[in-house]
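Peer 1: Structure for the following, please:
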Amino acid sequence: MGRTLISLGIMLVIVGVIIQFGGKFLDFGNLPGDFKWSNGNSSFYFPLASCIIISIILNIIMSFFR
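Peer 2: Numbering: from 1, shown residues only. A predicted model of the protein is given here:
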């Protein structure tokens, strides 16, 4: 149980660092695969490319702990 909590804590720190400093390099939210539609007063935003990149990074991090 202790080892799992430590691993989860380390992963959260790594993800936090990636989100904090990765935005300067990747500009999350404005990638080519992120969809934005605006029509009058309504708008829709779907960050597909950002979600895929975050998923790949998390899969790589989790593979180190298995």
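
Peer 1: The helix or strand in which residue 12 is found: which residues count as buried?
Peer 2: Here residue 12 sits within helix 2-26, counting by DSSP states H and E. Residues residue 18 are the ones in helix 2-26 that count as buried (16 or more other Cβ atoms under 10 Å). To be clear about C-beta, it is placed using only N, CA and C from the backbone, and glycine gets the same treatment.

Peer 1: packing partners for it?
Peer 2: Under the contact criterion of 3 or more Cβ pairs under 8 Å, 6 or more residues apart in numbering; DSSP states H and E, helix 2-26 touches helix 48-64.

Peer 1: Let me see the contact set for residue 65.
Peer 2: Listed by Cβ atoms under 8 Å, 6 or more residues apart in numbering, the contact set of residue 65 reads 7, 11.

Peer 1: can you tell me the average pLDDT over the helix holding residue 12?
Peer 2: The average pLDDT within helix 2-26 is 79.

Peer 1: which residue is nearest the middle of the chain?
Peer 2: residue 54 (3.3 Å; Cα atoms, centre = their mean).

Peer 1: Test my guess that residue 46 contacts residue 34.
Peer 2: Yes. Residue 46 lies in contact with residue 34 (Cβ atoms under 8 Å); the separation is 7.1 Å.

Peer 1: More neighbours: these two, which one.
Peer 2: Of the pair residue 46 and residue 34, residue 34 is the one with more neighbours under other Cβ atoms under 10 Å, namely 16 against 12.

Peer 1: Need the phi and psi values for the more buried one.
Peer 2: phi -90, psi 120 (degrees, to the nearest 10).

Peer 1: give me every residue that touches it.
Peer 2: 45, 46, 47, 48, 49, 50.

Peer 1: Appreciated, that's everything.
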